[in-house]
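Q: sharing a sequence plus its predicted fold:
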Amino acid sequence: MRLCCLACPAPRAAGTYLCPTCWSRLPDPTRRKLNRRDHNAFARLRELTAAIQAGTPLHQITVSNNELRRHLATADSDRGENPFGWSDLPDPDQEKTP
Ligand SMILES: [Zn+2]
């Protein structure tokens, strides 16, 4: 399968989003974030794709760290682990019951 750069018709390598030319035009912080392969990688890729589709110049594209979205995104998959640390508090309903 031939992979195309997200921002131009040039080919790109597997495991990258852009061709070397477009990649080099992204700001350094954006490249560093996009290089991270964590659970936010897909969210950052979506931001990059949305910015390209909106016509944002490559050197102006930024992506967020998505720290807040991480809690929301993992809320379903992390059942049993409360992200807000409330699980140690006594259940208010139990206290009322004699
Ligand atoms: Zn390109």
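A: Sure thing, it's come through. Numbering: from 1, shown residues only.
Q: show me what from this protein comes close to the ion.
A: 5, 7-8, 10, 19, 22 (Cβ under 5 Å from the ion). In this view, the C-beta of every residue, glycine as well, is placed from N, C-alpha and C.
Q: ok, T16 to C22 distance?
A: T16 is 10 Å from C22, where distance means Cβ to Cβ, to the nearest Å.
Q: do Q53 as well
A: Counting by Cβ to Cβ, the gap from Q53 to C22 is 14 Å.
Q: buried set for the longest helix along the chain?
A: If you go by DSSP state H, the chain has its longest helix at helix 41-53. By neighbour count on 16 or more other Cβ atoms under 10 Å, the buried set for helix 41-53 is 43-44, 47-48, 51-52.
Q: give me the contact list for that helix.
A: 6-7, 17, 30, 33-34, 36, 58, 61-64, 66, 69, 73 (Cβ atoms under 8 Å, 6 or more residues apart in numbering).
Q: give me the low-pLDDT residue ranges for the protein?
A: 1, 66-98 (pLDDT under 70).
Q: quick one, strands of it?
A: Counting by DSSP state E, the chain has no strands at all.
Q: write a ChimeraX command that selects only the buried members of the contacts of helix 41-53.
A: Selection of buried members from those for ChimeraX, criterion 16+ other Cβ under 10 Å:
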select :6,7,17,30,33,34,58,61,63,66
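Q: what's the most distant pair in the contacts of helix 41-53?
A: Greatest spatial distance in the contacts of helix 41-53: L58 and A73, 26.3 Å, computed using Cβ to Cβ.
Q: check the contacts of helix 41-53 against the ion and report the nearest one.
A: Ranked by distance to the ion (Cβ to the ion), these are led by A7 at 4.7 Å.
Q: nearest residue to the closest one in space, please, no chain neighbours.
A: C22 (4.5 Å; Cβ to Cβ, 6 or more residues apart in numbering).
Q: list the contacts of the one you found.
A: Counted by Cβ under 8 Å, 6+ apart, C22 has contacts 5-8, 10, 58.
Q: can you pick out the most distant pair from those?
A: Most distant of those, by Cβ to Cβ, are A10 and L58, 12.7 Å apart.
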